[in-house]
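S.K.: Pasted the sequence and its predicted model underneath.
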Amino acid sequence: MSTLIDRTLLKTKMLAPAARDGLVRRDRLHRLLEVGQSGRLTAVCAPAGYGKTTLLGEWVRGISCPAAWLSLDEHDNDPAKFWRYAVHALDETLPEASLPRSIPLAKALPNLSIATFLDSLINELFALDKPLLLVLDDYHAIVNDEIHQSLLYLLEYLPPQVHLMIASRTELPFPTGKWIARQERANLSVPELRFTMDELEAYRAGMADIPLSRRQLDKLLERTEGWVTGLQLAFISLRSQSNRERFIEEFQGHNRNVADFLFEEAFSHLPADIREFLLMTSVVDRLNAAVADAVAERIDGRRMLERVNELQLFLISLDEQDEWFRYHQLFASFLRGMLKREDPEGWLRANRRASESYASLGLLSEAIDHAIAAREFPLARTLLEKHIATVFRQGELSTLLRWFGSLPEDDEWPADMKLLYALILAITGQADAAEEQLAAVKRGLARIQGEADRQEVQSGMLFVESNVIFFSGRFERWQSFAEGASAVMMPDSRIFYDVNYNLTEPLVRRTTLGLKGMLNAHTEAIGLGFLRVLETHGWQDSFIGLYVRQSLAEGYYEWNRLEESRTFARGLEPMANRIGLPGLYVPLAILRSRLLLADQQPQQAHEAIDLAMEAAEKHEEAQWLSYLRASKARVYLAEDRVAEAKKELAALGLSDKDKPAFNREYEYLTFARLLLRQRKFSPAIRLLEWLKPQAEREALLSSVVEISILRALAEHGRGQRAGALQCLREALAIGEANAYARSFLDEGSAAAELLQAYVAGEGAHGAYAAYAGRLLAAFPAVAPAGETKLFGLIEPLLESELALMNLIRRGASNQEIASELALSIGTVKVYLSRVYNKLGVSSRTQALNKVEQLGLLEERA
């Protein structure tokens, strides 16, 4: 089990149901499932009670193929939560090396697009060297179309060694027709799932106390039409029937009404204490002895569960230790309906006790759901305040929206929680809905008793409104708004400020709070204005205040306003070190190393990274240490210490044949720089081509610029001048719009030469020529050592020409070179002449000395 596993997830949702005594083995269905493994999808679709979960659970236990299991419910209609559960369910089946890649990527949702996440997951699945089965049980509980579309995307690109099995009460809510046409979808539905007579006789054999004739069994099979749960209910009812023949004759149909009748028939003959226990405990989706004691107000929950199991009352064990259980969904639905109908106060009490019990176990999501069901809104608020930071951190914004959307419209819900609802709506891009919530809070202001309380709510309104304006991109409106509101706009509750806005990124400017690289006068003014307001109210050291400072420091660095960047960075250090948020101290260390490099202080740059690495080594999530290793490699490259950079990156396990996921972009862009320094242009371009669509899909401006610049350098390095200038033009387009500078300057003289070529080609009045000229003027007069290696020639050597020089270094004759490269001796001589001209030499010895001096050849093994 990986240490990366999220402890807030319910392990029982990721386990196939435990084996039950007396289970009828359905070999004919197993054969159908086995045949279906040759395709990509098996759909087991039938109404409740046809044994779908039991069948798949038995199948999974009996095969040698690794299988990941996920039981779904209505609470999983959050894309971030759904895919977090799916990745963690795969924990036992994916290679251990892939977990540091897949799990942090799932944690990055929803700040990361689902498509980018799935691309990474699919790549990990492709790397499997053995078959894998992923089972999604009770998929009918999922109604979120974004999840449907993402699962369809996964299915479209599913690796051949992976098979998806979905159990649902309804037909799948996304098109799978083409997989049927290609014979890649297997289907099991009602006709296949109905009990046969052989299976019914096997089931009856375990009911020795209910002897039935073959004719009676035929009649039961006919009446139920093979409906498994109907047959189970009939046998339970038959136990209490004095006239079994009459019961069988009068039994009709197999629909839900019959289920209710049979459940009631079976239920009514149970002992009173069992009936009460079943009703009270039916409110929970999962229960153990402690939950049972709390909800049913008993002290013998374990024994009661044993009695229910002995009576075969649809209790399903969820683990091999028989610790956690659930009721069959049809049975639970019947019990809940009866409790709500006959004892509505009991329904509320049971939910309240369930909430308290789950909270005591640390299962706060379930506790909140039950508090809302119990209409215990003060309790829900208390639990939500404890849990909201965790849910924010997990990116389950859809879950938060569902919780807030479940709250009453009247004044029972406190204004600050309504304001939090508005804030989440703003963050998720629902500005109009957020403003509606703000309007509702405003309408209730007059009913708030006490001037101090009213002013606090007004402050919260102004704070949230400022965020609505900011996240909707209405920057000009924010400025005018803030000027009139700054004196009173800050609420007193810390929950507004201590949200961790960076869970995955090496730089804050890559996050939503950092506007993904957008920089302009409005964003600067908003950041500074917001900090002034925070300072006025004493919130300057809150998480949001610290992150805004870091975002500004990174922005000033990009604008080449280095002194302002240093000032903000120095001011951040004490708090960043004290609170220990890796999402803050790692970006700060990387920024400080860049500032020190800009000041020609590489040793101090290393020290800044080393200090952060000491802290990151204690952190469970490995990506922070990886970012710092990559940053240290960048310092080495700036010093022209290529061997040390290569060694540092080797610890990250990177390869130029990888298909890097978006969450490792920073490391791979560092690796691409190493490849450029080693003159390995084609592998570098392949990595950059893989990364760029992901950056564009995430709308991450800073990355698109960085990738385009590196691609331009690589194209120029292999002699593709037109391609190089086209890539540079793409970088200049975004760079000019955001006044980028350091993205170009930090690439050194190689970028300067390319910019000079661009200006020469475009002319003084060409597109972005003035901007390129300003960038050129900002370059230092003397480039750092080693940076002339890429472009120290009038025209770069092509890869074929570098291959020729490598052969010369090995002492190959013209004849041997011709044989190695499949060329004629005459062609070899022509190539040598071109190389001599580019190098400005006239002999082999001079040419070899020149390329060795420039470091153009690959390192010797």
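M.R.: In hand now; what should we look at?

S.K.: got the contact list for the nearest residue to Tyr831 once chain neighbours are set aside?
M.R.: In this structure, Tyr831 finds its nearest non-sequential neighbour in Leu804, 5.7 Å apart by CB to CB, 6 or more residues apart in numbering. In this view, the C-beta of every residue, glycine as well, is placed from N, C-alpha and C. Shown in contact with Leu804 (CB atoms under 8 Å, 6 or more residues apart in numbering): Ile817, Leu821, Val828, Tyr831, Leu832, Val835.

S.K.: Which residue ranges of the protein form strands?
M.R.: Under the criterion DSSP state E, the chain contains strands at 41-45, 67-71, 132-137, 162-168, 185-188, 315-317, 325-327.

S.K.: Mean pLDDT lowest where, among the ones you listed?
M.R.: Per-stretch mean pLDDT for those is lowest at strand 315-317 (a mean of 83).

S.K.: In its sheet, which strands sit next to that strand, and in what direction?
M.R.: strand 325-327 (antiparallel) (DSSP bridges).

S.K.: which stretches of the stretch 301-450 of the chain have low pLDDT?
M.R.: 389, 392-395, 409-413 (pLDDT under 70).

S.K.: To clarify, my last question referred to the stretch 101-250 of the chain.
M.R.: Low-confidence segments of the stretch 101-250 of the chain (pLDDT under 70): 101-102, 104-105, 108, 110-111, 208, 240, 250.

S.K.: ranges for the helices of it?
M.R.: All helices of the stretch 101-250 of the chain, identified by DSSP state H, counting those that start in this stretch, fall at 114-126, 145-156, 177-181, 190-193, 197-205, 214-224, 228-238, 244-250.

S.K.: Of the ones you listed, which is nearest Glu435?
M.R.: helix 145-156 (23.7 Å; CB to CB).

S.K.: just for the stretch 701-850 of the chain, where's the confidence low?
M.R.: When residues are selected by pLDDT under 70, those of the stretch 701-850 of the chain lie in 763-765, 781-799.

S.K.: quick one: contacts for the residue nearest to the spatial centre of the chain?
M.R.: In the chain, the residue lying closest to the centroid (CA atoms, centre = their mean) is Ala106, at 2.4 Å. Taking CB under 8 Å, 6+ apart as the criterion, Ala106 is in contact with Ala80, Trp83, Arg84, Ala86, Val87, His88, Phe117.

S.K.: Kindly recompute the last result at 7 Å.
M.R.: By CB atoms under 7 Å, 6 or more residues apart in numbering, the residues touching Ala106 are Trp83, Arg84, Val87, Phe117.

S.K.: Could I get the residues you listed in JSON lines, plus columns for neighbour count?
M.R.: Shown next, in JSON lines, are the contacts of Ala106 (neighbours: other CB atoms under 10 Å):
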{"residue": "Trp83", "neighbour count": "25"}
{"residue": "Arg84", "neighbour count": "22"}
{"residue": "Val87", "neighbour count": "27"}
{"residue": "Phe117", "neighbour count": "24"}
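
S.K.: Which entry within these corresponds to the minimum pLDDT?
M.R.: For the contacts of Ala106, the weakest pLDDT value sits at Phe117, with 83.

S.K.: Go ahead and confirm it touches Lys107.
M.R.: No: Phe117 is beyond contact range of Lys107, at 10.0 Å (criterion: CB atoms under 7 Å).

S.K.: Overlap in contacts, the two.
M.R.: With the criterion set as CB under 7 Å, 6+ apart, the contacts of Phe117 and Lys107 do not overlap.

S.K.: before we move on, the earlier item: could you dump the strands of the chain into JSON lines with mean neighbour count and distance to Arg341 added?
M.R.: Listed next are the strands of the chain as JSON lines, based on neighbours: other CB atoms under 10 Å; distance: least, CB to CB, whole Å:
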{"stretch": "strand 41-45", "mean neighbour count": "22", "distance to Arg341": "30"}
{"stretch": "strand 67-71", "mean neighbour count": "22", "distance to Arg341": "27"}
{"stretch": "strand 132-137", "mean neighbour count": "22", "distance to Arg341": "29"}
{"stretch": "strand 162-168", "mean neighbour count": "22", "distance to Arg341": "28"}
{"stretch": "strand 185-188", "mean neighbour count": "20", "distance to Arg341": "35"}
{"stretch": "strand 315-317", "mean neighbour count": "20", "distance to Arg341": "22"}
{"stretch": "strand 325-327", "mean neighbour count": "22", "distance to Arg341": "18"}
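
S.K.: Compare those and give me the one nearest Ala714.
M.R.: Ranking the strands of the chain by their distance to Ala714 (criterion: CB to CB) puts strand 162-168 first, at 34.1 Å.

S.K.: sorry, back to before: and the helices of the stretch 101-250 of the chain, which is most packed in?
M.R.: Stretch with highest mean neighbour count among the helices of the stretch 101-250 of the chain: helix 228-238 (a mean of 23; mean count of other CB atoms under 10 Å).

S.K.: what's Ile609 in contact with, if anything?
M.R.: When contacts are counted by CB under 7 Å, 6+ apart, Ile609 touches Ala589, Ser593, Leu628, Ser631, Lys632, Val635.

S.K.: In these, which residue is surrounded by the most others?
M.R.: In terms of neighbours by other CB atoms under 10 Å, the contacts of Ile609 top out with Ala589 at 30 neighbours.

S.K.: re earlier: okay if I get the strands of the chain as JSON lines plus distance to Ala290?
M.R.: Below are the strands of the chain laid out as JSON lines (distance: least, CB to CB, whole Å):
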{"stretch": "strand 41-45", "distance to Ala290": "33"}
{"stretch": "strand 67-71", "distance to Ala290": "21"}
{"stretch": "strand 132-137", "distance to Ala290": "25"}
{"stretch": "strand 162-168", "distance to Ala290": "29"}
{"stretch": "strand 185-188", "distance to Ala290": "37"}
{"stretch": "strand 315-317", "distance to Ala290": "16"}
{"stretch": "strand 325-327", "distance to Ala290": "12"}
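
S.K.: Which of those strands sits closest to Ala651?
M.R.: Nearest to Ala651, of all these, is strand 132-137, at 28.7 Å by CB to CB.

S.K.: Parallel or antiparallel, list what pairs with that closest one.
M.R.: Sheet pairing of strand 132-137 (DSSP bridges) gives strand 67-71 (parallel), strand 162-168 (parallel).

S.K.: Which one, of the ones you listed, ends up nearest to Ala181?
M.R.: Using CB to CB, the strands paired with strand 132-137 put strand 162-168 closest to Ala181, at 17.4 Å.

S.K.: Please find the angle between the direction vectors of the closest one and helix 145-156.
M.R.: In terms of direction (axes from the mean of the first three to the mean of the last three CA atoms, to 10 degrees), strand 162-168 departs from helix 145-156 by 140 degrees.

S.K.: Look up the closest residue to Lys850, ignoring the ones flanking it.
M.R.: If the residues on either side of it in the chain are set aside, Lys850 comes closest to Leu839, at 4.6 Å by CB to CB, 6+ apart.
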